[in-house]
Each structure stands twice: as C-alpha cells, then as structure tokens.
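Colleague: I would like to see how this sequence folds:
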Amino acid sequence: MGTSGSNICAKGCLMSSVSMVLADCGRTIGGAAANPGTLNKWLSANGGYSGASLVWGSVSSLGLGFVTKTAVHTDIINYFKSGKAV
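Modeller: So this is what the prediction gives:
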C-alpha cells in the first residue's frame, strides 16, 4: 500500500471500507468496479497514501469526502438517516 511495503491484508481495513462505500454508491475507478485492488492501485498512482495511511483528500475526486470523526451514537444515527456513509 503506497510506499509502505505493507499489503492490503495487513493495513488495508480503511481503504477496503472506502472501496465498499464507492461500490455501494455505484462509483467506478478508472472505469473499473470499485474494490480494494482497483482503489489501492488508483490511490498509489494518485497521491492517496502517506506511507500506509490514507490521504482523505485524495478520494474527493472519486466523489467522497471526509466530514468528521465522531463516536457519539446519535451523530452516527443522524448521518445514516441523512444518507451519509459512516
């Protein structure tokens, strides 16, 4: 993943989750189905990693954006109700 030398199995939980959100939203990556492999390849080629960490701003061109981090149960429920991926 990126320049870290790690693989998806070892460090790819977040990136795999992002690929699932993309797939659920019907997004493609370079015309291909969104999945961990296609997203990892795209992120590696488009500045999507800092080491093995996902750069959130890099996925904005794929139609996703990071809003906030929360552990408040009611916030999470409200995000779901408003159609946001959590």
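
Colleague: for the record, mean pLDDT for the longest helix seen in the chain?
Modeller: As assigned by DSSP state H, the longest helix anywhere in the chain is helix 13-24. The pLDDT scores in helix 13-24 average 90.

Colleague: name the helices or strands packed onto it?
Modeller: Helices and strands in packing contact with helix 13-24 are listed as helix 36-45, strand 53-54; criterion 3 or more Cβ pairs under 8 Å, 6 or more residues apart in numbering; DSSP states H and E. Glycine gets a C-beta too; all of them are placed from N, C-alpha and C.

Colleague: burial of W56, as a residue count?
Modeller: 14 (other Cβ atoms under 10 Å).

Colleague: An error on my part: the question was meant for S16.
Modeller: Applying other Cβ under 10 Å, we find 15 other residues in the vicinity of S16.

Colleague: And it, how close does it get to A34?
Modeller: When distances are taken as Cβ to Cβ, to the nearest Å, S16 and A34 turn out to be 11 Å apart.

Colleague: Name the helix or strand of the chain that has the lowest mean pLDDT.
Modeller: When the helices and strands of the chain are scored by mean pLDDT, DSSP states H and E, helix 8-11 comes last with a mean of 75.

Colleague: circling back: which one of the helices and strands packed on helix 13-24 has the poorest average confidence?
Modeller: Note on the helices and strands packed on helix 13-24: strand 53-54 shows the lowest mean pLDDT, a mean of 87.

Colleague: Show me what secondary structure element comes after it.
Modeller: Per DSSP states H and E, the first helix or strand lying C-terminal to strand 53-54 is helix 73-81.
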